[in-house]
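Engineer: Generate coordinates for the sequence data below:
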Amino acid sequence: MLRIYPVVLDVIRQLRPVMAVIDRKDRDLGRQLRRCSASVGQNLAEGMYSRGRNRAAKYHVALGSAREMLACLELAEAFGYTAPLAQEMRARFDRIIGTLVRLVERAG
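Structural biologist: Numbers count the residues shown, from 1 in each chain. The predicted structure follows:
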């Protein structure tokens, strides 16, 4: 298992209260945040056990979904639904996205 996978799961767990607030304020944005969060974990897990181009494709989708997750959180803050992301959480996203970039480069 990749070391980044448990980090992704932990970030999702930590964001549950924020996701609930977003969902109450904007159901569409909340739904989109849940979908892209699930996509990061699902595609990362699939990529770990895939080969060749399929592995690269799964990691690439996980990367796009991680960026989308961050965008949803930034939009929620811009709309006034939530406070800005804590620096620690932003650093965790940087780690996840950076790792996924490297995985895509290596797998491709």
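Engineer: Where do the strands of this structure begin and end?
Structural biologist: Read by DSSP state E, the chain holds no strands at all.
Engineer: got any ranges where it has weak pLDDT?
Structural biologist: Nowhere does the chain drop to pLDDT under 70.
Engineer: In terms of secondary structure, what does the longest helix along the chain contact?
Structural biologist: Scanning the chain for the longest helix, with DSSP state H as the assignment, gives helix 52-78. Helix 52-78 makes packing contacts with helix 4-25, helix 27-48, helix 87-107 when contacts are defined by 3 or more CB pairs under 8 Å, 6 or more residues apart in numbering; DSSP states H and E. Bear in mind the C-beta positions are built from the backbone N, C-alpha and C, glycine included.
Engineer: got a list of contacts for the last one?
Structural biologist: Outside helix 87-107, the residues that touch it by CB atoms under 8 Å, 6 or more residues apart in numbering are 2, 4, 7-8, 11, 14-15, 40, 44, 47, 55-56, 59-60, 62-63, 66-67, 69-70, 85.
Engineer: Likewise for the first one?
Structural biologist: When contacts are taken as CB under 8 Å, 6+ apart, the neighbours of helix 4-25 outside the stretch itself are 29-31, 33-34, 37, 40-41, 44-45, 48, 66, 72-73, 76, 79, 81-82, 89, 92-93, 95-96, 99-100.
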